[in-house]
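Asks: Any chance you could fold what I've pasted below:
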Amino acid sequence: MMSEILAAVLRANLVAAAVVLAVLAMRIPFRRLFGPELAYGLWAAPPLAVIATLLPARTVDEVASHALAEAVADISAPGLILWATGVAVTALALARAQLRFLARARAGQAGPSVVGVISPRIVMPADPAAFTDEERALIRAHEREHVARHDPRAAALAAAMQTLCWFNPLVHLGARVMRLDQELACDAAVLRRRPRDRGLYARTLLKTQLATQALPFGCHWPARSVHPLEVRVALLRDTRRHDGLTGPLLVGAALFASAVSAWSLQPPAPRHPAPILAMWEAAQKHRSMSVLLIDKPARRPAADAPDAR
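Replies: Down below sits the predicted model:
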């Protein structure tokens with residue numbers, strides 16, 4: 001049982017790594033052809049693929065031994081302990097980063113951002129002179145777009161995958177790039193409704209106090225390699241409209257293919273007969289026959305019968 005759990009964990013990580021590599025290869029061509037919003041939708045593929053590896057596998061009559069389960073059979077117990085320890089340490093590190101960000105937000109040293117998963121709230125800079133009224137309106141529109149698109153929940157899901165796949169560097173890389181694509185998609189959604197505010201939007205980005213701390217459960221405008229500001233400003237000049245069904249159909253096909261491919265990689269499970277049939281087969285297998293012999297006395301000859309008179 002423990003070896004099967006460890007094999008499932010390793011299989012999910014291998015699938016997640018492969019799908020993340022595929023999304024990293026497709027995101028920029030999709031962004032150029034269909035816009036940042038559809039490119040961001042590709043990041044639904046890794047969690048869908050991981051969930052697909054946990055679905056019931058196909059059944060066959062005879063099951064051969066699986067190579068991955070055999071490989072981890074001897075290290076199943078220490079391997080599970082090591083994995084669970086890494087999950088706990090990663091979860092504590094993310095919780096600590098979240099608490100530090102919240103402390104800075106209460107002190108007025110963080111923002112703009114959206115904090116929270118169940119009930120997200122917008123955090124604005126404490127200095128009222130930092131932005132004009134028009135710039136604050138754009139910032140609020142951006143953060144409200146995050147809330148409307150359920151981006152904080154997507155960020156929380158990415159943090160959960162980082163926790164469960166803590167030893168997988170591609171999962172951590174994918175989570176960082178996903179946050180960049182999340183911001184680009186949010187920028188595109190806001191400017192689709194405010195096309196005349198592109199210049200003001202770019203100036204607001206340049207004035208924003210870029211965050212330097214992690215925010216695992218929320219959305220903010222991070223700096224450094226996590227979120228290159230020049231990418232966002234450069235994309236603001238793209239005024240093309242990305243309409244039509246080609247992009248959504250391709251994204252849907254990519255998500256479906258990733259889930260089906262991940263599910264098909266599972267080792268098959270043995271086919272079990274229906275409960276009534278199983279009971280009947282067991283009864284037939286263990287059925288026994290009892291024979292009772294009765295000793296019947298022989299009949300007397302008619303000549304020896306007594307006189308009826």
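Asks: Check the burial of P169 by counting its neighbours.
Replies: Using other Cβ atoms under 10 Å, P169 is surrounded by 10 other residues. C-beta here means a position set from N, CA and C on the backbone, and glycine is covered the same way.
Asks: meant to ask about R179
Replies: Counted with other Cβ under 10 Å, the neighbours of R179 add up to 21.
Asks: Quick check: the gap between it and R106.
Replies: 23 Å (Cβ to Cβ, to the nearest Å).
Asks: cool, A130 as well?
Replies: 17 Å.
Asks: More neighbours: the two, which one.
Replies: Comparing A130 with R106 by neighbour count (other Cβ under 10 Å), the higher total belongs to A130, at 16 against 11.
Asks: Where does that one sit: helix, strand or coil?
Replies: Following DSSP: H, G, I helix; E, B strand; the rest coil, A130 is assigned to coil.
Asks: In this structure it contacts K207, no?
Replies: Yes. Between A130 and K207 there is a contact at 7.3 Å, judged by Cβ atoms under 8 Å.
Asks: where along the stretch 51-200 of the chain do the helices fall?
Replies: Applying DSSP state H, counting those that start in this stretch to the stretch 51-200 of the chain gives helices spanning 67-71, 76-106, 133-148, 151-164, 169-193, 198-207.
Asks: so which of those helices comes closest to V117?
Replies: Proximity to V117, assessed across the helices of the stretch 51-200 of the chain by Cβ to Cβ, is greatest for helix 151-164 (4.6 Å).
Asks: what bits of the stretch 201-309 of the chain have low per-residue confidence?
Replies: 209-214, 220-230, 233-234, 237-241, 269-309 (pLDDT under 70).
Asks: residue contacts, V117?
Replies: Neighbour list for V117: 152-153, 156, 217-218 [criterion: Cβ atoms under 8 Å, 6 or more residues apart in numbering].
Asks: which of the residues you listed sit farthest apart?
Replies: Farthest pair in the contacts of V117, by Cβ to Cβ: R153 and G218, 10.3 Å.
Asks: Which one's more surrounded, those two?
Replies: Higher neighbour count among R153 and G218: G218, with 25 against 15, using other Cβ under 10 Å.
Asks: pLDDT value on I81, please?
Replies: pLDDT, I81: 89.
Asks: repeat for E70
Replies: So, for E70, pLDDT stands at 59.
Asks: Torsion angles phi and psi at C165?
Replies: Per-residue torsions, C165: phi -110, psi 50 (degrees, to the nearest 10).
Asks: How about it, nearest residue that isn't a chain neighbour?
Replies: Of all residues not flanking C165 in the chain, V171 sits nearest, at 4.1 Å (Cβ to Cβ, 6 or more residues apart in numbering).
Asks: I figured R27 hits A39, correct?
Replies: Yes. Contact criterion Cβ under 8 Å: R27 and A39 qualify, at 5.0 Å.
Asks: For R32, give its distance to L191.
Replies: On the measure of Cβ to Cβ, R32 and L191 end up 17 Å apart.
Asks: So these two - more neighbours on which side?
Replies: Legend: neighbour count by other Cβ under 10 Å for R32 and L191, higher for L191 (20 against 13).
Asks: So for this protein, the centremost residue is which one?
Replies: P47 (2.2 Å; Cα atoms, centre = their mean).
Asks: how about it, what does it touch?
Replies: 157, 161.
Asks: Kindly provide the distance from G35 to A158.
Replies: Distance from G35 to A158, by Cβ to Cβ: 21 Å.
Asks: no wait, F131
Replies: Distance from F131 to A158, by Cβ to Cβ: 29 Å.
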